[in-house]
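3D, please:
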Amino acid sequence: MLECLMPELRQNPITKEWVIIATERAQRPEDFAPIKIEETAPAINHCPFCEGNEQITPHEILAYRTYGTQADTPGWWIRIIPNKFPALVPQGNIQRVKQEEFFRFMDGVGEHEVIIESPKHNVSIATMEQKQVEEIFLAYRERYITLSQDPRFEMVMIFKNHGAAAGTSVKHPHSQVIATPITPLHLRHLIDETLRFFDDNGECVFCVAIQKEKMFKERIVFETDNFLAFVPFAASSPFETMVLPKKHDSSFQSTPPERTRELAFAMKTVLAKMHKSLKDPDYNFVIRSAPCHEKDLEYYHWHIQIFPRVSAVAGFELGSGIYINTVIPENAAKFLCEA
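Modelled structure (predicted):
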């Protein structure tokens, strides 16, 4: 494994953000296994996402279920419902208003959905059958396409919180989808940086990153015919992993069903490696796609980022915007690759 003699400041070639690789306080990858607290039987029995408890959730939007079974009843293997406590709601006006020609606001219009990934409670993407994981990602694709066609929405974000440290309040395996009428500044900044790189070099920065990572090989975690998973050169946190299509595409919705199944295989494999080597860590992942009305961008490349929650963000990170990573990315990739 690569060893550094002193701390490094590394710049992310895609975002231009800097991170600190803190080798002076570096930890061995195997030291990050968390302590898990097991759920009690009563907590599992009262889970609103478990099969048989459909009547205590909002009415389902969509379900993949056995033919002949009724909505909001057992018989499903994927179930999508509105979030009971939504961040945004479908009703309202998306017209922007200014107060005193300074404070800008608008109604909190959007969609906030929960994708229940399995009728089973104590499973995860890492431990499910491959077919079930494929169904999850096909459901992601279906909801993304549907919501992105709504003219009110600028962004559709699909994300997963796994574990308490990642922000989940229900252990049952689920993901979320939020559609917003705005493009967040974070995504706009990322797109602007990719456009700047394209103007300077005539190439997509993500496509170049794929070429360079395949050339150096030392940060690759997993690879299929059409997808590459690697720990970024300037990973902002331990074991951060990026999964992206090798062929240039700016929008997740353009991924055909067969390739979506291959993506599911790649994601299951990477998450299984994390599950085994890091002892089922809490994590977040997010699918980052181009804004709904900016498809077919030659300078932006959709991708998935996975963030295991094995370290805390503290005052320096919050104050400076510079993250401290205590695991050398090359070591993290080797550790995951060997799992």
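
what's the local residue count around residue 16?
14 (other C-beta atoms under 10 Å). In this view, the C-beta of every residue, glycine as well, is placed from N, C-alpha and C.

list the buried residues in stretch 137-148.
137, 138, 139, 140, 141, 142, 143, 144, 146, 147, 148 (16 or more other C-beta atoms under 10 Å).

center of this structure, which residue is that?
residue 286 (1.7 Å; C-alpha atoms, centre = their mean).

which SS state does that one fall under?
Going by DSSP: H, G, I helix; E, B strand; the rest coil, the secondary structure assigned to residue 286 is strand.

can you tell me the closest non-neighbouring residue to it?
Computed as C-beta to C-beta, 6 or more residues apart in numbering, the closest residue to residue 286 that is not its neighbour in sequence is residue 159, at 4.2 Å.

and the one you found, what element?
strand 155-162 (DSSP states H and E).

just checking, next helix/strand downstream of that strand?
Per DSSP H and E, the first helix or strand lying C-terminal to strand 155-162 is strand 174-180.

what segments of the stretch 51-200 of the chain are helices?
130-148, 185-201 (DSSP state H, counting those that start in this stretch).

strands of the stretch 1-150 of the chain, residue ranges please.
8-11, 18-21, 62-65, 76-82, 97-99, 103-105, 111-116 (DSSP state E, counting those that start in this stretch).

what lies in contact with stretch 204-219?
2, 13-14, 193-194, 197-198, 201, 220, 228, 230-233, 244, 246, 248, 298-301, 303, 329-330, 333-334 (C-beta atoms under 8 Å, 6 or more residues apart in numbering).

7 Å instead?
Contacts with stretch 204-219, where a contact means C-beta atoms under 7 Å, 6 or more residues apart in numbering, come from 13-14, 194, 197-198, 220, 228, 230-231, 233, 244, 246, 248, 298-299, 301, 303, 329-330, 333.

and these, which of them are in strands?
220, 228, 230, 244, 303 (DSSP state E).

kindly reformat those residues as JSON lines containing pLDDT, neighbour count and distance to residue 269.
Shown next, in JSON lines, are the ones in strands among the contacts of stretch 204-219 (pLDDT from 0 to 100; neighbours: other C-beta atoms under 10 Å; distance: C-beta to C-beta, whole Å):
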{"residue": "220", "pLDDT": "98", "neighbour count": "17", "distance to residue 269": "12"}
{"residue": "228", "pLDDT": "98", "neighbour count": "20", "distance to residue 269": "12"}
{"residue": "230", "pLDDT": "98", "neighbour count": "28", "distance to residue 269": "13"}
{"residue": "244", "pLDDT": "98", "neighbour count": "23", "distance to residue 269": "15"}
{"residue": "303", "pLDDT": "98", "neighbour count": "20", "distance to residue 269": "16"}
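
okay if I get these as JSON lines plus distance to residue 58?
Converted to JSON lines, the ones in strands among the contacts of stretch 204-219 look like this (distance: C-beta to C-beta, whole Å):
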{"residue": "220", "distance to residue 58": "42"}
{"residue": "228", "distance to residue 58": "38"}
{"residue": "230", "distance to residue 58": "39"}
{"residue": "244", "distance to residue 58": "33"}
{"residue": "303", "distance to residue 58": "31"}
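
what's the closest of those to residue 74?
residue 303 (36.2 Å; C-beta to C-beta).

excluding its backbone neighbours, what's nearest the closest one?
Nearest to residue 303 is residue 244, by C-beta to C-beta, 6+ apart, at 3.7 Å.

so what's the one you found up against?
206, 227, 228, 301, 303, 304.

can you pull the buried residues of the longest helix seen in the chain?
The helix that spans the most residues within the chain, counting by DSSP state H, is helix 257-277. For helix 257-277, a neighbour-count test (16+ other C-beta under 10 Å) marks 259-275, 277 as buried.

got the angle for it vs strand 155-162?
Using axes from the mean of the first three to the mean of the last three C-alpha atoms, to 10 degrees, the inter-axis angle of helix 257-277 relative to strand 155-162 is 30 degrees.

who are the packing partners of helix 257-277?
helix 130-148, strand 220-223, strand 227-230, strand 241-245, strand 303-308, helix 329-337 (3 or more C-beta pairs under 7 Å, 6 or more residues apart in numbering; DSSP states H and E).

any chance of JSON lines for these, columns distance to residue 8?
Output for the helices and strands packed on helix 257-277, formatted as JSON lines (distance: least, C-beta to C-beta, whole Å):
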{"stretch": "helix 130-148", "distance to residue 8": "35"}
{"stretch": "strand 220-223", "distance to residue 8": "20"}
{"stretch": "strand 227-230", "distance to residue 8": "18"}
{"stretch": "strand 241-245", "distance to residue 8": "19"}
{"stretch": "strand 303-308", "distance to residue 8": "20"}
{"stretch": "helix 329-337", "distance to residue 8": "10"}
